[in-house]
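[1] sequence first, predicted coordinates after that:
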Amino acid sequence: MRIFIRMKTQFTLALVLGSLFSFSQKTDEDYSPAQYKTSTCRSSFQKIQLEGAKNTAENIQQYLKKNLANLKDFRTGLKFNYNNESPGGFHYSFTQTFNGVEVYQSEVKVNTDRQNVIHSIFDNSENTSNWNLSTTGAITNSVIALQNEIPVLCDRKIINNKEVLEANSETVFERDVNSYFAQDSLVSGKVFLPDPLTSSQQNYGCPYCDNDDTTNAQLDAQLQTVNFTTTFTGTQFILENSFVRVSDFDLPTYAPATSTTGQFYFNRSQSGFEDVNAFYHINTMHQHIHTLGFGCADSLIEIDPHAMNGADNSYFSPLASPKRLYYGTGGVDDAEDADVCVHEYGHFVSETAAPSSNVGQQRNSLDEGFGDYLAASYSGALNSYNSNWVFNWDGHNEFWNGRVLNATWVYPDDITGSIYHNGQIWSATLWCIRNSIGRDATDSIILQAHYSYAQNLSMPQAAQLLLDADTLLTGGKYTCPIYACLFYRGLAPNNPLINCSVGINEEGNFPIQFMNHDNSFSLANPNNEKIQLQILNLQGQIIFTADESQLVFNYQNSNLQSAIYLVNIHLNGLSKTFKWSKLN
């Protein structure tokens with residue numbers, strides 16, 4: 001990893017790093033890189049049936065924490081690295097942590113079949129029970145390594161094509177990466193996270209303005225140094241890996257950025273900045289999708305961060321091989337805004353999950369709404385400023401208005417001929433769900449639903465697929481909050497009864513009566529039974545909960561602003577959602 005910050009520690013570390021790279025066929029057959037560990041990992045081939053309905057990283061982590069001796073220390077944890085799927089099963093990789101800091105070369109690998117049975121475990125974890133190490137000074141690229149069996153906090157870097165472990169500001173080992181050919185390499189670069197307005201919490205206006213791609217001190221202050229994986233060709237690092245490749249296939253002509261040092265440090269006045277920014281955000285989005293367990297983004301996408309011959313637009317081409325993303329340079333360069341990068345990447349994800357299905361006006365609208373949601377979900381995880389906006393830097397300015405996630409439009413009354421307008425009904429629905437159940441759960445459900453998409457799909461049909469996806473992934477855990485958001489947007493049946501354990505029940509036998517008043521509401525409970533009450537706003541956020549058993553329950557809150565709210569009532573395994581219009 002690569003961040004040029006020197007650390008002061010209590011130790012000087014003298015150890016030899018293991019290889020980050022696999023050998024090419026050109027490597028000398030007698031070459032033997034120095035190794036950090038001389039022993040092999042511990043292993044188990046005992047077949048173990050895991051508890052739970054299906055394989056999940058959380059289930060695996062719980063099993064490992066319970067059964068691996070080196071993970072009994074309360075200070076240790078497991079960082080989830082990846083989950084790969086093969087025809088025979090699933091393969092989970094974790095790294096041991098100590099007080100949140102990675103332990104060097106401590107991978108724990110678990111391999112399972114599709115029946116939730118562990119077939120093998122490979123364990124490189126360390127016994128930390130006697131460790132007495134402060135991790136207060138740890139930074140992003142810190143690792144803990146052992147020197148003579150003593151744990152030491154280290155700085156892990158790549159400097160001038162050399163890999164380094166550093167302690168006490170002293171270089172104690174270096175390794176020339178030029179001895180390896182065309183292998184994945186960790187480098188660093190400067191990007192916006194997710195854009196200069198969001199990170200600075202400013203609205204558009206100079207000095208926070210495009211000004212014909214001119215940079216300034218305020219915009220440069222929003223550049224953040226990040227690490228990412230590229231390819232080393234033997235002479236230079238290029239912006240390419242197994243999933244994303246920066247190319248120049250459309251006008252204007254700009255050669256993709258390269259580096260001989262592993263540093264991709266540009267500002268927005270230089271063409272290399274858009275290359276690095278788009279490459280980083282797309283890779284990070286891919287990693288998130290992959291971590292959730294979906295392979296729909298695991299093929300190569302080619303991107304041109306300077307395309308469209310200067311137009312202020314971007315698009316995805318599913319017909320090219322590999323598929324391509326075109327980012328325009330009119331107005332604010334599209335590749336400078338993480339929202340644009342991820343929105344267009346969303347079309348690629350949708351296409352790979354359900355190939356050739358994006359046909360039909362409502363299906364097109366769903367794709368636009370999905371892209372807007374995916375972009376905002378990604379950016380919102382980085383910074384919540386103006387989180388209801390999409391394209392915070394590229395739009396909402398003199399060039400165009402951008403889009404939002406809190407539009408109040410409903411289906412079918414507000415459907416128009418514009419797929420971008422209609423898409424905001426869908427993105428607002430997904431955003432409502434995310435605000436209720438969280439990013440990972442919502443992202444997983446919408447990704448799962450996309451695998452079932454078909455040509456000419458309607459928005460209500462897509463809504464049903466969301467409920468179905470929740471059933472497949474969680475057994476219907478999130479039926480109620482999902483339904484509340486769908487109901488408000490007109491995407492679910494009117495006034496259903498919801499049995500949260502099994503789904504929608506429309507038998508019409510719900511005994512609670514709801515009475516809407518201008519500034520309050522009442523519930524009639526003739527059987528005096530205990531009910532669970534939730535009040536949610538239109539973003540799906542719970543603002544009031546209570547358990548009540550009164551014959552008549554009255555709710556009034558003068559501090560609550562005038563708006564439409566959802567009142568969820570749960571009784572004896574049934575649930576019903578009412579719409580409350582608070583007028584004053």
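    Sure, I can see it.
[2] helix or strand next in line after the lowest-mean-pLDDT helix or strand in the chain, which one?
    Within the chain, confidence by mean pLDDT, DSSP states H and E is lowest for strand 503-505 among all helices and strands, at a mean of 34. Once strand 503-505 ends, the next helix or strand along the chain (criterion: DSSP states H and E) is strand 513-516.
[3] can you list the strands that that following strand pairs with?
    strand 520-524 (antiparallel) (DSSP bridges).
[4] just give me how far the strand it pairs with sits from the chain centre.
    When distances are taken as Cα atoms, centre = their mean, to the nearest Å, strand 520-524 is centred 40 Å away from the chain's centroid.
[5] quick check, Ser377 in contact with Arg439.
    Yes: assessed by Cβ atoms under 8 Å, Ser377 is found in contact with Arg439 at 5.5 Å. Using the backbone N, CA and C atoms, a C-beta is placed for each residue, glycine as well.
[6] among those two, which residue is more densely surrounded?
    Set Ser377 next to Arg439 and count neighbours by other Cβ atoms under 10 Å: Ser377 wins out with 24 against 15.
[7] for that one, which three-state class applies?
    Classification of Ser377 using DSSP: H, G, I helix; E, B strand; the rest coil returns helix.
[8] and if you look at Glu51?
    Glu51 - assigned by three-state DSSP - is coil.
[9] against Lys66, how distant is it?
    Going from Glu51 to Lys66 by Cβ to Cβ, to the nearest Å gives 11 Å.
[10] quick one: Ala407 and Ala428 touch, right?
    Yes: the criterion here is Cβ under 8 Å, and Ala407 meets it with Ala428 at 5.2 Å.
[11] who has more neighbours out of the two?
    Ala428 (26 against 17).
[12] residue contacts, that one?
    Listed by Cβ atoms under 8 Å, 6 or more residues apart in numbering, the contact set of Ala428 reads Val404, Leu405, Asn406, Ala407, Thr408, Trp409, Arg489.
[13] pretty sure the first one contacts Phe391?
    No: with contacts defined as Cβ under 8 Å, Val404 does not count as touching Phe391, sitting 9.8 Å away.
[14] rewinding a little: most neighbours out of the contacts of Ala428, which is it?
    Leu405 (25 neighbours).
[15] any idea how far the residue lying closest to that residue once chain neighbours are set aside is from Gly234?
    Of all residues not flanking Leu405 in the chain, Trp431 sits nearest, at 4.1 Å (Cβ to Cβ, 6 or more residues apart in numbering). To Gly234, Trp431 is 46 Å away according to Cβ to Cβ.
[16] the two: who's more crowded?
    Trp431 (28 against 13).
[17] could you look up the SS state of that one?
    Applying three-state DSSP: Trp431 is helix.
[18] OK, contacts around it?
    Tyr373, Ala376, Ser377, Asn388, Leu405, Asn406, Gln539.
[19] phi, psi of Gly189?
    phi -160, psi 170 (degrees, to the nearest 10).
[20] isn't it up against Phe264?
    Yes: counting by Cβ under 8 Å, Gly189 touches Phe264, with 3.4 Å between them.
[21] so for the two, which residues contact both of them?
    Val276.
[22] pLDDT added to the contacts of Ala428, as JSON lines?
    Formatted as JSON lines, those follow (pLDDT from 0 to 100):
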{"residue": "Val404", "pLDDT": "96"}
{"residue": "Leu405", "pLDDT": "96"}
{"residue": "Asn406", "pLDDT": "92"}
{"residue": "Ala407", "pLDDT": "92"}
{"residue": "Thr408", "pLDDT": "88"}
{"residue": "Trp409", "pLDDT": "91"}
{"residue": "Arg489", "pLDDT": "87"}
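[23] now, which of the residues you listed sits nearest Thr474?
    Using Cβ to Cβ, Arg489 comes nearest to Thr474 of the contacts of Ala428, at 21.4 Å.
[24] beta partners for Thr95?
    Here Thr95, judged by DSSP bridges, has bridge partners Lys79, Glu107.
[25] please apply the same query to Thr230.
    Going by DSSP bridges, Thr230 forms beta bridges with Ser185.
[26] now it: how far from Lys190?
    Thr230 is 14 Å from Lys190, by Cβ to Cβ.
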